[in-house]
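Asks: from the sequence below, what's the structure:
(one chain, ligands or ions: 1)
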Amino acid sequence: MAIKWSPITEVPLDRGSLSLSNKMIRLNANESPYPPPEIVLQAISASMHEINRYPDPSGQELKNRLATKYHVDPAQIVLGSGSGDLIEHIIRGLFHPGREVIIPHPSFPLYQAIAQSISFTIVKTPLHSNGTVNLNSIADNLSEQTALIIICNPNNPTGGYLPLSDIDAFLSRVPEDVAVLLDEAYWELTDAYDDPDQDSIHLLKKYPNLMISRTFSKFYALAGIRLGYVLTPDASVSHAISQRLSRVMPNRLALAAGVAALSEEAESVYKIYRSMIQRERTRILARLTQQGLDVFPSQTNFVTFQWEDSEKILPLNNIAIRPGLGMGLAGYTRMTIGQPDDNERVLNLIEESLNPPSTIKHS
Ligand SMILES: Cc1ncc(COP(=O)(O)O)c(C=O)c1O
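Replies: Okay, here's the model as predicted:
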C-alpha cells in the first residue's frame, strides 16, 4: 500500500515566471539586470571552500553588519532565505481562527496566497489611483477581528511609494495588539533612500507592533542566493518569528554574500547600478507617457502601464514581461527595468504596436 501523506492546502502562486531560460530577456520578476559587485562574488567563492561546514545558525556577523548600518540592536534582526519566506512565516504565525488580515489590492500576490491557504479571513483594500497603498481605507476596515495589516511600500505591482510621515500618522491610529508588517522589498530604489531621516526604521522605536521586511534580492542583485531579513522593535518579536523558521538558515553562501554586499566597496558599485536604474526609470516613464498610456509613477525597479498586448508581442521577441491579469491589474503590463538596450527594445515594440505603419494600398 502506498504511504499516506496528510493533505496540504495549496498555495496558488505563479512560480512559472521564475523558471524561464536565461536566454530570454528577463523583465518579469523585478530582478537586477546587473551581476553583484566583484567583492560579493569573491566572498561567495571563498565560502564555497567551506561548504562542507554548516553555516552559523545565528548569522551573527551579518546581523551585526545590518545593525551597524541601521543603528539598531542585532537582536532586532531576523534573517531568512528571502523576505518572502519570512513574510509567509509572519502571516502564518499571526493567524487565529476568526481573525482578519488586511491587505492592499492589487499588491504582492504572496500575501493573499498564504492567507488563503490557511483560511485567514482577508480584507482587501483598494489602492489610491496613483498606485500607492490607501492607508485611510485600511484604517476604515480596522475592527476587533484585525490581527495583521500588511503594507507594501513601494507597492508591487504599481510602484507607488508613501512617505514616512504618512506611515507614521497611520501607525498612530492602529491599536497596539494589531501587528503591522511593512514590506519594503524596493526601499533602496526609492528616491527617499538618499535621506536617512526618511527610513522607516525610526518608527520601530515608537511602535511595538511594527515589523519591516527587506531583501537582498532587488537593489543588492542577489535574488538567486535567497536572503532577506525582518527588522523588529525588540528581541521578543524577533524570537517569536525565529521560532517559526527552519533551524539553520540562511545558507553559508548567502551569509557571506550579505556581509560582502554591505561593505563600502560593494555599496559604491550598488549606488552606480541604482542611478542607472533610476535614470532608465525616468526615461521609460516619459516615453510611455508620451504614447498616451496610463502609467503608474514608480519608485522601484519596475514600471506598470496600461498595455494589453504584452503577451501577444513580447514572448515572440524573446522578452519575458509580467501581464497585469494575474496580479489583479487586467489590461496592464509590469516591466522590470533592465539594461538600457533591452529597455529600448521593449519601448520600440510597444511604440510599433501602438502606431502600426499604415497599410500601403497599390492601385
Ligand atoms: C513586494 C515584495 N515583497 C517581497 C518579495 C520577496 O522577495 P524575496 O523573497 O526575493 O526576498 C518580493 C519579490 O518580488 C516583492 O515584490
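
Asks: would you mind listing what in this structure touches the ligand?
Replies: 30, 82-84, 108, 152, 156, 183, 185, 215, 217, 223, 228 (C-beta under 6 Å from any ligand atom). Every C-beta, even on glycine, is put in place using the N, C-alpha and C of the backbone.

Asks: buried sites along the helix of greatest length in the chain?
Replies: For the chain, the helix that runs over the most residues, judged by DSSP state H, is helix 264-290. Buried residues in helix 264-290, counting neighbours by 16 or more other C-beta atoms under 10 Å, are found at 266, 269-270, 273-274, 277-278, 280-281, 284-285, 287-288.

Asks: which of the residues you listed sits closest to the ligand?
Replies: Minimum distance to the ligand across the buried residues of helix 264-290 is 15.0 Å, recorded for Ile277 (C-beta to the nearest ligand atom).

Asks: now the closest one: how far from Ser298?
Replies: Applying C-beta to C-beta, to the nearest Å, the value for Ile277 to Ser298 is 10 Å.

Asks: likewise Glu50?
Replies: Counting by C-beta to C-beta, the gap from Glu50 to Ser298 is 40 Å.

Asks: please identify the helix or strand for the nearest residue to Glu184 once chain neighbours are set aside.
Replies: Sequence neighbours aside, Arg214 is the residue nearest to Glu184 in space, at 5.3 Å (criterion: C-beta to C-beta, 6 or more residues apart in numbering). For Arg214, the host element (DSSP states H and E) is strand 210-215.

Asks: just checking: what are the partner strands of that strand?
Replies: Using DSSP bridges, strand 210-215 pairs in its sheet with strand 179-183 (parallel), strand 228-231 (antiparallel).

Asks: now those strands in TSV, with mean neighbour count and distance to Met335?
Replies: Converted to TSV, the strands paired with strand 210-215 look like this (neighbours: other C-beta atoms under 10 Å; distance: least, C-beta to C-beta, whole Å):
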stretch	mean neighbour count	distance to Met335
strand 179-183	24	21
strand 228-231	24	23
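
Asks: redo those strands as TSV? Include distance to Leu162.
Replies: As requested, the strands paired with strand 210-215 are exported to TSV (distance: least, C-beta to C-beta, whole Å):
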stretch	distance to Leu162
strand 179-183	10
strand 228-231	18
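
Asks: most neighbours among the residues of the chain next to the ligand, which one?
Replies: Asp183 (29 neighbours; other C-beta atoms under 10 Å).

Asks: who touches that residue in this structure?
Replies: 83, 87, 108, 150-153, 213 (C-beta atoms under 8 Å, 6 or more residues apart in numbering).

Asks: before we move on, what about Ile103?
Replies: 111-112, 115, 122-125, 149-150.

Asks: turn the buried ones among those into a named ChimeraX selection, would you?
Replies: Entered in ChimeraX, the line below selects the buried ones among the contacts of Ile103, by 16+ other C-beta under 10 Å:
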select :111,112,115,123,124,125,149,150
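
Asks: in strands, which of the contacts of Ile103 appear?
Replies: If you go by DSSP state E, the contacts of Ile103 have 122-125, 149-150 in strands.

Asks: of these, which is the nearest to the ligand?
Replies: Closest to the ligand, out of all of the ones in strands among the contacts of Ile103 and judged by C-beta to the nearest ligand atom, is Ile150, at 9.7 Å.

Asks: Leu181 is in contact with that closest one, correct?
Replies: Yes - using C-beta atoms under 8 Å, Ile150 is in contact with Leu181, at 4.9 Å.

Asks: common neighbours of the two, please.
Replies: Contacts common to Ile150 and Leu181, judged by C-beta under 8 Å, 6+ apart, are 87, 91.

Asks: okay, now Glu308: neighbour count?
Replies: 14.

Asks: if we ignore the residues flanking it in sequence, what's nearest it?
Replies: Gly331 (5.2 Å).

Asks: how about Phe170?
Replies: Nearest one to Phe170, counting by C-beta to C-beta, 6+ apart, is Leu135 at 4.1 Å.
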